[in-house]
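Enquirer: Prediction below, plus the sequence it came from.
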Amino acid sequence: MIQKKDIPVIAKASPMERFGEANVVITVKNLVKKFGDFVANDDLSFEVYKGEIFGFLGANGAGKTTAIRILCGLSKPTSGELTIAGFDGYIDTEKIKKSIGYMSQKFSLYEDLTVVENIRFYGGIYGISGKEIRIRTEKLIEKLNLESVKDKLIKGLPLGWRQKLAFSVAILHEPKIVFLDEPTGGVDPITRRQFWDMIYEAANRGITVFVTTHYMDEAEYCNRVSIMVDGKIAALDTPDGLMKTFGANNMEGVFLKLARGK
């Protein structure tokens, strides 16, 4: 587990203090998503800033996945306003997809391709030139210390190595926003610490990190945290602010109080 003393100042600072109001990269106003009579997202409103680490929490079925699909340009809202990286969430979905990165726990890399082949494949998808792909591939392999396994298939690598590579590939094109869907699920504590170091580094470069996690201690590493309950945003604040508001010693305590309706 990462100790609080190890959390960099970046995770404690206000995004407004660091970047200012002009650097909003996600704007959601009164967003609603319905499937027939079922309301998956009910009147969501929030903003996310450049370089912010924004935690998006909620129990299974709370509406997180539906909201993320909309933010990634994969689904359109039923109503409301939505701007992602400066693009309209209704009409600019293809532009949104080119301006973001995405990584999930379940699928991010092709297991039957090698490390190098995966990097080059995604570099091509992101529209990076062949020369630049070669340069970035070499730098990435060196940075992650993968020289000895660069020609091995992904399915033969430990989960921790795969997840760190998947994150690096997701931001290979230097997107404005990267969406991480439970990226550290199943990995050991040391790898989790290394992974969050990578998140801090990306945020420090100005990449906005929008992350879901079921590890409540990880919520404390975010600048701000949004918690969804039954399709609504039940709480949104800094981790310290939420713990103070709900009289809890940690984010798990906050989450449990919200889940129980207390």
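Expert: Arrived safely, thanks for sending.

Enquirer: and Lys152, how many neighbours does it have?
Expert: The local packing of Lys152 (other CB atoms under 10 Å) involves 14 other residues. C-beta here means a position set from N, CA and C on the backbone, and glycine is covered the same way.

Enquirer: For it, which residues are in contact?
Expert: Lys152 sits next to 114-115 when contact means CB atoms under 8 Å, 6 or more residues apart in numbering.

Enquirer: Could you do the one 10 residues further on as well?
Expert: Neighbour list for Arg162: 108-109, 154 [criterion: CB under 8 Å, 6+ apart].

Enquirer: What strand or helix carries it?
Expert: helix 159-170 (DSSP states H and E).

Enquirer: Mind checking what secondary structure Gly185 has?
Expert: coil (DSSP: H, G, I helix; E, B strand; the rest coil).

Enquirer: isn't it right up against Ser108?
Expert: No - counting by CB atoms under 8 Å, Ser108 is not a contact partner of Gly185; they are 11.9 Å apart.

Enquirer: Among those two, which residue is more densely surrounded?
Expert: A direct count of neighbours by other CB under 10 Å for Gly185 and Ser108 places Ser108 higher, at 22 against 16.

Enquirer: in what helix or strand does that one lie?
Expert: Applying DSSP H and E, one finds Ser108 in no helix or strand.

Enquirer: Quick check: phi and psi at Glu174.
Expert: phi 50, psi 60 (degrees, to the nearest 10).

Enquirer: hmm, back to that, which SSE is immediately downstream of the helix holding Arg162?
Expert: strand 177-181.

Enquirer: just checking, what packs against that next one?
Expert: helix 64-71, strand 100-104, helix 159-170, strand 208-212 (3 or more CB pairs under 8 Å, 6 or more residues apart in numbering; DSSP states H and E).

Enquirer: right, so these: which one is the most enclosed?
Expert: Ranked by mean neighbour count, the helices and strands packed on strand 177-181 are led by strand 208-212 with a mean of 25 (mean count of other CB atoms under 10 Å).

Enquirer: Touching the following helix or strand past that strand from outside, list them.
Expert: Scanning forward in sequence from strand 208-212 by DSSP H and E, the next helix or strand is helix 216-219. Contacting residues not belonging to helix 216-219 are listed as 1-2, 55, 57, 184, 192, 196, 211, 213, 225, 239, 250-252, 255 [CB under 8 Å, 6+ apart].

Enquirer: CA atoms only for helix 216-219, dumped as PDB, please.
Expert: The C-alpha atoms that make up helix 216-219 are tabulated as PDB, following Å, rounded to 0.1, in the frame of the first residue of the first chain:
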ATOM      1  CA  MET A 216     -10.500   2.700  -1.700                       C
ATOM      2  CA  ASP A 217      -6.900   3.600  -0.600                       C
ATOM      3  CA  GLU A 218      -6.200   4.500  -4.200                       C
ATOM      4  CA  ALA A 219      -9.000   7.100  -4.100                       C
END
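
Enquirer: what's next to the helix or strand following it, contact-wise?
Expert: Heading C-terminal from helix 216-219, the first helix or strand you meet, by DSSP H and E, is strand 224-229. For strand 224-229, contacts defined as CB under 8 Å, 6+ apart pick out 15, 46, 52, 54-59, 62-64, 67, 219, 233-239, 242, 251, 254-255, 258-259.

Enquirer: Name every strand pairing with strand 224-229 and say which way it goes.
Expert: strand 53-58 (parallel), strand 232-237 (antiparallel) (DSSP bridges).

Enquirer: Quick one: those as TSV, columns for mean pLDDT too.
Expert: Converted to TSV, the strands paired with strand 224-229 look like this (pLDDT from 0 to 100):
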stretch	mean pLDDT
strand 53-58	93
strand 232-237	94
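
Enquirer: quick one: which of those strands is nearest Val169?
Expert: Nearest of the strands paired with strand 224-229 to Val169, taken as CB to CB: strand 53-58 at 19.3 Å.
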